[in-house]
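*Asks:* Sequence first, then the predicted structure:
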Amino acid sequence: MIGHFYVGATDVVVAPRASITLSRKPLMTQVTNTVRFVLDGEIVEAQGVRRTTTVLDYLREDLQRTGTKEGCAEGDCGACVIMIGELNEAGDAVEYKPVNSCIQLLPALDGKSVKTVESLKKSDGRLHPVQAAMVECHGSQCGFCTPGIVMSLTNMVQTNTTPTRKDVADALSGNLCRCTGYIPIIDATLKACSQPAADLKVDDKADVPLLKEIRRPSIQRSASTVTSSCNPLCGHARAVSLFRLQPLKKWPPT
């Protein structure tokens with residue numbers, strides 16, 4: 001008698017004293033191991049990289065973007081903050097979120113835009129107003145946490161160019177600094193925001209058409225399909241949740 005059973009993505013047909021025949025069934029309409037994202041007006045293709053690679057490790061080790069620092073490696077200190085952007089609903093601008101790159105897995109970048117602290121330098125070599133004000137107001141001492149702080153503040157001024165001190169404190173709630181006590185950092189932010197709003201924006205005009213180019217077709221799945229095809233307790237379900245953007249941890253004010 002021939003037995004037939006189904007395991008994961010593989011049909012296994014078993015015949016007595018015979019060889020086992022395996023046939024693969026595609027799980028997706030588009031199968032690829034390449035992660036594509038936009039970095040400063042260029043498309044980056046991460047091909048064949050392990051899916052458990054963190055964004056931080058890929059930026060530092062593969063792209064030599066060493067301005068992004070590793071502090072705690074568990075999403076607590078904010079030294080590794082970068083900005084990750086997606087096209088808005090109208091498709092004519094990029095909307096950003098600050099993300100701890102040390103706990104973000106590389107596949108989460110697929111189809112998105114990335115800005116690191118190196119991205120902030122103007123085309124003529126000038127620093128971003130937030131960076132310049134941090135220097136002028138002595139907002140950095142040891143400097144290890146500074147790139148992450150600058151990125152959190154730069155993310156804030158993309159949508160709020162006239163923040164209050166409370167707004168700045170809220171934007172910094174995911175960043176720890178053991179040196180400055182935050183007062184010069186807040187002062188630096190308010191000073192930076194005295195500059196024209198256009199100067200506070202990151203340069204991403206070239207990113208918009210590239211984001212449209214690398215956009216993948218969405219795959220519609222009903223809740224019943226997902227539930228029936230994947231046990232919510234299995235490792236696959238946990239892994240899928242890790243590929244989504246993880247928001248910054250927020251610390252209560254002290």
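*Replies:* Received, thanks.
*Asks:* pretty sure Val99 is in a strand, no?
*Replies:* Yes - judged by DSSP: H, G, I helix; E, B strand; the rest coil, Val99 forms part of a strand.
*Asks:* That one is in contact with Gly78, isn't it?
*Replies:* No - counting by Cβ atoms under 8 Å, Val99 stays clear of Gly78, with 10.4 Å between them. C-beta here means a position set from N, CA and C on the backbone, and glycine is covered the same way.
*Asks:* So the residue most central in space within the chain: helix, strand or coil?
*Replies:* The residue lying closest to the centre of the chain (Cα atoms, centre = their mean) is Ile84, at 4.5 Å. Here Ile84 is recorded as strand under three-state DSSP.
*Asks:* could you measure the residue nearest to Ala79 when sequence neighbours are not counted against Cys177, distance?
*Replies:* With Cβ to Cβ, 6 or more residues apart in numbering as the criterion, Ala79 has its nearest non-adjacent residue at 3.6 Å, and that residue is Gly71. Gly71 is 11 Å from Cys177, where distance means Cβ to Cβ, to the nearest Å.
*Asks:* Same question for Gly148.
*Replies:* 9 Å.
*Asks:* the more surrounded of these two?
*Replies:* Gly148 (30 against 22; other Cβ atoms under 10 Å).
*Asks:* Just the buried positions in the helix or strand in which that one is found, please.
*Replies:* When elements are assigned from DSSP states H and E, Gly148 belongs to helix 146-157. Within helix 146-157, the residues scored as buried using 16 or more other Cβ atoms under 10 Å are Thr146, Pro147, Gly148, Ile149, Val150, Met151, Ser152, Leu153, Thr154, Asn155, Met156, Val157.
*Asks:* first to last residue in stretch 83-97, what's the distance?
*Replies:* Terminal residues of stretch 83-97 lie 6 Å apart, using Cα to Cα, to the nearest Å.
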